[in-house]
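Chemist: Pasting the sequence and the predicted coordinates here, then a few questions.
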Amino acid sequence: MNGDLHDRCIIVTRPQGQADELIALLRDAGADVLHVPMMSIEEERRPEDDALFGALPMGFDWIAFTSRNAVRMFTRRLGEPRPLLPRIAVVGAATAMEVERSGWAVDLIAARADGSGLAEALAEVGAQSVLYPCAAEAGDFAELLCQKNVEVRSLIVYRTQLREQPIDAAMRFDAVLFASASAVRAWSRCAPSLPVDVRVVCIGETTAAAARAAGLPVRAVAVEAGDRGLVESLRLVFAVTSA
């Protein structure tokens, strides 16, 4: 990949502590990188949930993850030694990779990488009770499960704090990378409108849908999970527009 993005200035919007690999890949490809975190991830601990952690895996036949941050914060909360878990379902390949990094096997990956796709997949395999570790501001996944007559317990393990500081309107850049809908929402609040020649690349369809709804011109959606897929999609965008 060396040199493919030479002289391109790329904005990375991942939170602090979660952008190092992506930044390294971009720099290996020759890009100049501006790290502009759009949010921070803060662990959420509610005393009323202590008994639930102590009783795992009792009471649930599945645990569902719709983000890598949920996996990380849930794992941190479990501590050591880790208990057995119910079967694990995830929204996409990137979240599956995070589960496997934490030492567990993934039993189900949604064919369509969004909350609706995961809810459908769980209903199809006959899930009856699901534990859902999530953000305090989580979307409608729990409601989607309820609509399919699946019992669900939302377990808040983190909170997303969106960026408040405005982005310098004088910055010049060629592309912005988004890896979550939350980052898109923060950008929309803090950033000036994008020049028409700036490329917007998103890590999945859920993030891309949020970007389009915010009026951002999405040029590509990474179909391969993870940072390498995001960089590869960015390379293809510049290759096409330069041809």
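Modeler: On my side now, so go ahead. Numbers count the residues shown, from 1 in each chain.

Chemist: rest of the way, CA atoms for contacts and neighbours
Modeler: OK.

Chemist: Can you tell me the closest non-neighbouring residue to residue 92?
Modeler: Spatial nearest neighbour of residue 92, chain neighbours left out: residue 113 (5.0 Å); criterion: CA to CA, 6 or more residues apart in numbering.

Chemist: What is the lengthiest helix in the chain packed up against?
Modeler: Looking only at the chain and at elements set by DSSP state H, the helix with the highest residue count is helix 226-242. Applying 3 or more CA pairs under 8 Å, 6 or more residues apart in numbering; DSSP states H and E, one finds that helix 226-242 contacts helix 20-28, strand 199-202, strand 218-221.

Chemist: Identify each buried residue in the longest one, please.
Modeler: What it means is helix 20-28. 22-23, 25-28 (16 or more other CA atoms under 10 Å).

Chemist: Tell me where the model's unsure across the chain.
Modeler: Across the chain, the ranges flagged by pLDDT under 70 are 1-3, 81, 223-225, 241-243.

Chemist: Okay, strands next: where are they in this structure?
Modeler: 9-12, 32-35, 39-43, 62-65, 87-90, 108-109, 129-135, 151-162, 175-178, 199-202, 218-221 (DSSP state E).

Chemist: same for the fifth one, what does it pack against?
Modeler: By that I understand strand 87-90. strand 62-65, strand 108-109, helix 115-124.

Chemist: Go through these and name the closest to residue 82.
Modeler: strand 62-65 (14.7 Å; CA to CA).

Chemist: Redo the helices and strands packed on helix 226-242 as JSON lines? Include distance to residue 95.
Modeler: Output for the helices and strands packed on helix 226-242, formatted as JSON lines (distance: least, CA to CA, whole Å):
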{"stretch": "helix 20-28", "distance to residue 95": "16"}
{"stretch": "strand 199-202", "distance to residue 95": "15"}
{"stretch": "strand 218-221", "distance to residue 95": "17"}
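
Chemist: Near residue 192, how many residues? Count them for me, please.
Modeler: Per other CA atoms under 10 Å, the neighbour tally for residue 192 reads 13.

Chemist: my read: it touches residue 169, true?
Modeler: Yes - taking contacts as CA atoms under 8 Å, residue 192 lies within contact range of residue 169: 5.9 Å.

Chemist: which residues touch the closest residue to residue 183 other than its chain neighbours?
Modeler: Spatial nearest neighbour of residue 183, chain neighbours left out: residue 38 (5.2 Å); criterion: CA to CA, 6+ apart. In this structure, residue 38 makes contact with 13-15, 162-163, 182-184, 186-187, judged by CA atoms under 8 Å, 6 or more residues apart in numbering.

Chemist: Out of those, flag the one nearest to residue 61.
Modeler: residue 182 (29.4 Å).

Chemist: For the closest one, the count of nearby residues, please.
Modeler: For residue 182, using other CA under 10 Å, the count is 20.

Chemist: same deal with the one 4 residues further on?
Modeler: Using other CA under 10 Å, residue 186 has 20 neighbouring residues.

Chemist: just to revisit the earlier point, so for residue 231, which of the helices and strands packed on helix 226-242 sits nearest?
Modeler: Smallest distance to residue 231 across the helices and strands packed on helix 226-242 (CA to CA): 6.7 Å, for helix 20-28.

Chemist: Now do that closest one: which elements does it pack against?
Modeler: Partner elements for helix 20-28 (3+ CA pairs under 8 Å, 6+ apart): strand 32-35, helix 226-242.

Chemist: which one of the helices and strands packed on strand 87-90 has the most crowded surroundings?
Modeler: The highest mean neighbour count among these, using mean count of other CA atoms under 10 Å, belongs to strand 62-65: a mean of 23.
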